[in-house]
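Chemist: with the input below, show me the fold.
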Amino acid sequence: MTRPAPVRLRRWLALAGVALVLGLFPIVVDGGSWLNVAILVLLYAGLAQAWNILGGFAGQVSLGNAAFFGIGAYTSTVLLDRWQISPWLGMVAGAAVAALFAVVVFFPFFRLGGHYFAIATIALGEILLIVFTNWEFVRGARGITVDFIRGPDRRPASSWWMLQFNDTRAPYYYVVLGLAVLAVAAAVVIDRAKLGYYLRAIKNDQQAARSLGVPVLRYKLIAVAISAALTALFGTFYAQYLLFIDPDTTMRLELSVLIALVAILGGVGTVVGPLLGAVVLIPLAEVSRSQLGGSG
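Modeler: Sure thing, here's the model as predicted:
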C-alpha cells in the first residue's frame, strides 16, 4: 500500500515543476510568435475551464459563452474609452455584469432540456451579436480601438495599472497565466465542495437530485454565474491584448464552439481536461492558420 505522504510529496513536486516551467517560459523562449501561442493556450485553457463548470460539472452544454466574453471585453473597454477607468476595475465590473446577465437570461433557459437548451444559448449569442453590431453607443460594427497610453515624449508607454505593455508581450503572458490559475483554482474548489457534488448529481439525473432535495435551479444559476464571471475576465484581457474589439471578434458563434471543443477534447467534468485540450488544440490551430493562411 502506497503511503499518503510520498504521494502528496510527488504531487507537490510535480506542481512545483509545472509552476517553474510556466514561470520561466517567457524568459527561455526566444521569439514573439511562440509567446503569442502560449498566451492563447492559457487564454483558451481558462475559457474552457470556465465553460467546464457549467458544461462539464453540471452537464449544461452552452454554446453561447462568447456572449459573456464579449460583455467582459466591452464593459472594461467602454469604461476605459469614455471615462479612463483602469481595465483592472473594468475587469471586475465586466465580471459582475456578465454574472448578473447570465442569471437573468439563463433563468428561463434552464427550464429547457438537452438540445433545446444548447439551441437557446446559440440564439442568445447571435442576438447579442446583432445588438452590439447595431448599437452606436459601443460604435457598432466599427468596433472600439483602445488608445495606447503615452509618456511625456508622446511615445507609447507601458503601465500595469492600465494593462498596456509596449516593449514586450511577457507581462501579458503573466497576466493571463494568473487568470488561468484563478479559473483552475475555482474549478478545483468547486469540484471538492458541496457545490461540485450537487452539480454532478444534477448532471447524472436532475429528477433524482430534485427528489433528494437538491435545489436544482439554484445550483445551475450559481454555476452559470461563476462561469460567466470567469469568462468575462478573459474578455477584458483579450481587449487589452489586442487593443481593439468589435462584435465579430468577441461574440461570434465560432468562439463559443471553440471554447466548448477545447473542454470536450480534453475531457469534460475534470479539472485537467480543459488544460489538455488547450495544449493540444490551440497550437495546432495557430500553426494551421499560419501555414495555410486561414483567418483563425
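Chemist: do a quick rundown of the helices in the stretch 51-200 of the chain.
Modeler: Taking DSSP state H, counting those that start in this stretch, the helices of the stretch 51-200 of the chain run over residues 66-83, 87-109, 115-133, 170-192, 194-204.
Chemist: packing partners of the third one?
Modeler: If I follow you right, that is helix 115-133. helix 66-83, helix 87-109, helix 247-251, helix 253-266 (3 or more C-beta pairs under 8 Å, 6 or more residues apart in numbering; DSSP states H and E). All C-beta spots, glycine's among them, are computed from the backbone N, C-alpha and C.
Chemist: among those, which is the most enclosed?
Modeler: Comparing the helices and strands packed on helix 115-133 by mean neighbour count (mean count of other C-beta atoms under 10 Å), helix 66-83 ranks first with a mean of 25.
Chemist: which residues does residue 266 contact?
Modeler: Residues in contact with residue 266 (C-beta atoms under 8 Å, 6 or more residues apart in numbering) are 48, 272, 273, 274, 275, 276, 277, 278, 280.
Chemist: among these, name the buried ones.
Modeler: 48, 273, 274, 275, 276, 277, 278 (16 or more other C-beta atoms under 10 Å).
Chemist: could you dump those residues to JSON lines with pLDDT and distance to residue 230?
Modeler: JSON lines is the format used below for the buried ones among the contacts of residue 266 (pLDDT from 0 to 100; distance: C-beta to C-beta, whole Å):
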{"residue": "48", "pLDDT": "98", "distance to residue 230": "11"}
{"residue": "273", "pLDDT": "95", "distance to residue 230": "16"}
{"residue": "274", "pLDDT": "96", "distance to residue 230": "11"}
{"residue": "275", "pLDDT": "96", "distance to residue 230": "14"}
{"residue": "276", "pLDDT": "96", "distance to residue 230": "19"}
{"residue": "277", "pLDDT": "96", "distance to residue 230": "16"}
{"residue": "278", "pLDDT": "96", "distance to residue 230": "14"}
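Chemist: pLDDT weak spots in the chain?
Modeler: 1-5, 30-31, 292-296 (pLDDT under 70).
Chemist: find the centremost residue of it, please.
Modeler: Centroid-nearest residue in the chain: residue 47, 2.6 Å away (criterion: C-alpha atoms, centre = their mean).
Chemist: hey, C-alpha coordinates of the helix or strand hosting it in PDB?
Modeler: Using DSSP states H and E, residue 47 sits in helix 32-52. Below are the C-alpha coordinates for helix 32-52, written out as PDB (Å, rounded to 0.1, in the frame of the first residue of the first chain):
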ATOM      1  CA  GLY A  32       7.300  36.700 -30.000                       C
ATOM      2  CA  SER A  33       5.300  34.200 -32.100                       C
ATOM      3  CA  TRP A  34       5.700  31.300 -29.600                       C
ATOM      4  CA  LEU A  35       5.000  33.600 -26.700                       C
ATOM      5  CA  ASN A  36       1.800  34.600 -28.500                       C
ATOM      6  CA  VAL A  37       0.800  30.900 -28.900                       C
ATOM      7  CA  ALA A  38       1.500  30.400 -25.200                       C
ATOM      8  CA  ILE A  39      -0.800  33.400 -24.300                       C
ATOM      9  CA  LEU A  40      -3.600  32.000 -26.500                       C
ATOM     10  CA  VAL A  41      -3.200  28.500 -24.900                       C
ATOM     11  CA  LEU A  42      -3.600  30.000 -21.400                       C
ATOM     12  CA  LEU A  43      -6.500  32.100 -22.600                       C
ATOM     13  CA  TYR A  44      -8.400  29.200 -24.000                       C
ATOM     14  CA  ALA A  45      -7.400  27.000 -21.100                       C
ATOM     15  CA  GLY A  46      -9.100  29.500 -18.800                       C
ATOM     16  CA  LEU A  47     -12.100  29.900 -21.000                       C
ATOM     17  CA  ALA A  48     -12.600  26.200 -21.300                       C
ATOM     18  CA  GLN A  49     -12.200  25.800 -17.600                       C
ATOM     19  CA  ALA A  50     -14.900  28.400 -17.100                       C
ATOM     20  CA  TRP A  51     -17.200  26.600 -19.600                       C
ATOM     21  CA  ASN A  52     -16.400  23.300 -17.800                       C
END
